[in-house]
Structure formats: C-alpha cells, structure tokens
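build me a structure from this.
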Amino acid sequence: MHLPLPTGVIDPPRPPRLAMLGGTFDPVHLGHLRSAVELLEVLELDRVHLIPASVPPLRGEPRVSPEERLLLLRLGIGDTPGLVADPRELHREGPSYSADTLASLRKEFGVDARLVMALGHDAFLRLADWHEPERLFAMAHLVVIDRPDHEAPLSAALDALITGREVDSPDALMARPAGGLLRLALPTRMAISATEVRRRLAEGNSVRYLLPEAVEHHLLAHGLYRY
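Below you'll find the model as predicted:
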C-alpha cells in the first residue's frame, strides 16, 4: 500500500548533471563533438563543458594558439544545445591539470552536483601518471569512452587506482556526486584522429566530413596547419 504524500510536499530538485570533456582540440573534429552529444544523451546530462587545455602536461605543444583552438571549438559547437565551449583552463597559468579544473567546476556547481570527467580509452590507460589522480575521483566520476582502435591491458598502478570504483550503469553512477568509474561504448564511436586531420591539412588533402563545416572553412581560409 502506497501512502499519499502530504499536501504541499514536492520532490526536491534533481542535482545538476554535467560533464567535462577536455583535450587539446587541435583541431576540434566531428568525433569530439559527436561524443559530447552522445554523452549528453546517454548520461542525461544538463551540460557538457568542452574545455581546451592551454598547456597539456603529458602532450606536446599544440600546433595553434589556445585562443585559436577555442575559436574553432566555438565555431564547431555553434548552437548545439547542451554543449559549452569553456575557456577556464586558458585563464590559468601553468600546466592544465584536470584535478584543478574539476575543483573549479565543483566549486561553481556545488557539492551535490553529479560531475563527470569523460576521457578516451587511450588517455585512461595513462591515468595513473596524471597529476594527483586520486583527487580526480574525489571531485568527479570518470567515464571512459571506449574507442574501436584502443585496447590494452591495465597497468598495476591503474588497476589499483580504480579498484572498487567501477559501476555498470549510468543510474548507478549518478547515485552519488563523485567517485565512480563507468566504461561507456557510445553509439557512434567515430574513430577520427586529430593527428590525421593535421596531416591531411599539411599535405593539402581534403578534410571534408571530418570537421564541422564552419571549422573547415575557418582553417582553410586562414591557412592553419598548412606547415
């Protein structure tokens, strides 16, 4: 028997749900943007913050300036609902540590927000080498986006880091504000590589259907990556 709720009692509002999808976006391509849209849908998020790294700690220097990469990201997103080009790492000096970015988002959206850091399987395999990896789980959940071309065994350090954290569904992940790990095979799984895009641009080959049209037009008009 279900007792009726007392008059005037309403359900509390759902805590905000948002994801951070970071990277160099050098340049942003359709794989990045399609992954963001599918994350939004599968996890029932309110927003996905696409955050360009200013100085990525574990990668080489991007080919174009942070400001240009942010502009390309904004062009690529256009008016897509729920996607945000977030410049917060460009306003910070020094390396772009994800733990600091998550702390900034946590401070902005509150302790009850369901905060997710999404990353590809290749980046996930290096997670134990990141700056303060345990702090990532204190701030957020991690969602690993499987890629068709990245499969490898986990290192002992990574296995120890994620032990006891893995869940098997978005609902289980969203039961708490942070601390979980979910592996997610997105429906489209577009295996587009920014490295390949840059190579094609440098060689003067077509990048049609690899990039959003507005991004392609801007790159070609300004001769970016043509060296």
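
would you confirm that Ser104 contacts Pro87?
No. Assessed by Cβ atoms under 8 Å, Ser104 is found out of contact with Pro87, at 11.7 Å. C-beta coordinates here come from the backbone N, C-alpha and C atoms, glycine included.

ok, now how distant is Glu196 from Arg176?
Glu196 is 38 Å from Arg176, where distance means Cβ to Cβ, to the nearest Å.

do the same with Gly22
Using Cβ to Cβ, Gly22 is found at 22 Å from Arg176.

compare neighbour counts for the two and give me the winner.
Neighbours per residue (other Cβ atoms under 10 Å) separate Gly22 from Arg176, with Gly22 holding more: 21 against 12.

ranges for the strands of the protein?
For the chain, the strands defined by DSSP state E cover 17-23, 47-52, 83-85, 114-120, 141-145, 181-184.

packing partners for the fifth one?
If I follow you right, that is strand 141-145. helix 30-42, strand 114-120, helix 121-124, strand 181-184 (3 or more Cβ pairs under 8 Å, 6 or more residues apart in numbering; DSSP states H and E).

mean pLDDT lowest for which of these?
The stretch with the lowest mean pLDDT among the helices and strands packed on strand 141-145 is helix 121-124, at a mean of 89.

name the residues of it that come out as buried.
His121, Ala123, Phe124 (16 or more other Cβ atoms under 10 Å).

what is the nearest of those residues to Ala202?
Ala123 (24.1 Å; Cβ to Cβ).

mind listing what that closest one touches?
If a contact means Cβ atoms under 8 Å, 6 or more residues apart in numbering, then Ala123 has no contacts.

cool, Ala53 as well?
Gly22, Gly23, Thr24, Arg59, Pro62, Pro66, Glu89, Ser96.

report the lowest-confidence entry in those residues.
The model is least sure about Arg59 among the contacts of Ala53, giving it 60.

what sits against the closest residue to Phe124 other than its chain neighbours?
Residue nearest to Phe124 in three dimensions, not counting chain neighbours: Val144, with 4.6 Å by Cβ to Cβ, 6 or more residues apart in numbering. Contacts for Val144 (Cβ under 8 Å, 6+ apart) come out as Ala118, Leu119, Gly120, His121, Phe124, Leu181, Leu182, Arg183, Leu184.

what's the weakest-modelled helix or strand in this protein?
helix 121-124 (a mean of 89; mean pLDDT, DSSP states H and E).
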